[in-house]
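[1] only the shape, not the letters, is given here:
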Ligand code: UDP
Ligand code: MG
């Protein structure tokens, strides 16, 4: 019987001052990728969003030992959404997953993501079951944001959809070509581009190392910009 071609999954990881988290993240991804190695090849795209710490150095260490690891580096901090778009521009995968570096988006979900992709889903939104580490203020800002956006928009957005998601190569191409605005709201875009959609629920863990890059000021600015 001819051998079935393996799927390639690209993992895009936006990183801003993540030197402490990168080794943990890589270790987990590597472990899960070994478990999936019969069906799936991996490509790891770290996007350094103008970090001031040793983020680039940590990724370069990985590049020396693992040919699946790549880096895109920004000259200054442009923000997570810009970093994800830069990763998308480089991603070659049949399926592309976007994940935070701090392990709040659990790599254990990757086998189920690939399964949904193989069933024909082009947009796989990851829905948090709980987000205790986010804190009260962030949860309130987030709930208010979705209430406003759903009142204004024809497309209905899943309130708990996180910025952990996966899309097919075709869906990635739609984002690359048609969503090049300066103010971006990627987790919303992915829900509006068509394709067969599904959700997977996951439990958000606490950040593995380092600290959140979002101050209340930054969060409010993002919400106002997006609306
Ligand atoms: N991040 C980024 N650029 C920024 C802020 C954050 O690339 O300007 C990355 C960060 O390194 C992490 C992800 O976006 O991989 C989510 O950030 P964080 O964990 O600080 O957000 P939170 O979990 O607190 O929402
Ligand atoms: Mg986080």
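    Thanks, I have the structure now. Given the structure is predicted, the values throughout are model-derived calculations rather than measurements. Numbering: from 1, shown residues only. Ligands and ions are numbered 1, 2, ... in the order given.
[2] drop to CA atoms for contacts and neighbour counts, all remaining ones
    Will do.
[3] let me know the helix or strand that residue 209 is in.
    Residue 209 belongs to no helix or strand when assigned by DSSP states H and E.
[4] I'd say it and residue 23 touch.
    No - with contacts counted by C-alpha atoms under 8 Å, residue 209 stays clear of residue 23, the gap being 9.9 Å.
[5] can you name every helix or strand that the longest helix along the chain contacts?
    The single longest helix within the chain, with elements called by DSSP state H, is helix 136-152. The contact analysis (3 or more C-alpha pairs under 8 Å, 6 or more residues apart in numbering; DSSP states H and E) places helix 136-152 against helix 216-226.
[6] what's the neighbour count on residue 65?
    Look at residue 65: counted by other C-alpha atoms under 10 Å, it has 9 neighbours.
[7] do you know the pLDDT at it?
    Note for residue 65: predicted pLDDT of 97.
[8] next one: it from residue 71, what distance?
    Distance from residue 65 to residue 71, counting by C-alpha to C-alpha, to the nearest Å: 14 Å.
[9] what's the answer for residue 173, then?
    20 Å.
[10] neighbour count winner among those two?
    Here residue 173 and residue 71 are compared on neighbour count by other C-alpha under 10 Å; more neighbours surround residue 71, at 19 against 14.
[11] report the secondary structure state of the more buried one.
    Of the three states, residue 71 takes strand under DSSP: H, G, I helix; E, B strand; the rest coil.
[12] quick one, what contacts the residue positioned nearest the centre of the chain?
    The residue lying closest to the centre of the chain (C-alpha atoms, centre = their mean) is residue 98, at 2.1 Å. Applying C-alpha atoms under 8 Å, 6 or more residues apart in numbering to residue 98 gives the contacts 11-13, 84, 163-166.
[13] now the nearest residue to it once chain neighbours are set aside: which helix or strand?
    The shortest distance from residue 98 to any non-neighbouring residue, by C-alpha to C-alpha, 6 or more residues apart in numbering, is to residue 12 (4.8 Å). Secondary-structure assignment from DSSP H and E places residue 12 in strand 7-15.
[14] one more: residue 62?
    helix 55-65.
[15] and that helix, which residues are buried?
    By neighbour count with 16 or more other C-alpha atoms under 10 Å, helix 55-65 contains the buried residues 55-56, 58-59, 62.
[16] return the member of those residues nearest to residue 104.
    Of all these, residue 55 has the smallest distance to residue 104: 18.0 Å, by C-alpha to C-alpha.
[17] I'd guessed that closest one sits against residue 15; true?
    Yes - using C-alpha under 8 Å, residue 55 is in contact with residue 15, at 7.5 Å.
[18] now do the shared contacts for the two.
    residue 48.
[19] which strand or helix spans the closest residue to residue 186 other than its chain neighbours?
    Distances taken as C-alpha to C-alpha, 6+ apart put residue 81 closest to residue 186, at 6.7 Å, once the chain neighbours are dropped. For residue 81, the enclosing helix or strand under DSSP H and E is helix 80-90.
[20] now residue 192
    Applying DSSP H and E, one finds residue 192 in no helix or strand.
[21] quick one: contacts for it?
    Remark: with contacts taken as C-alpha under 8 Å, 6+ apart, residue 192 is in contact with residue 155.
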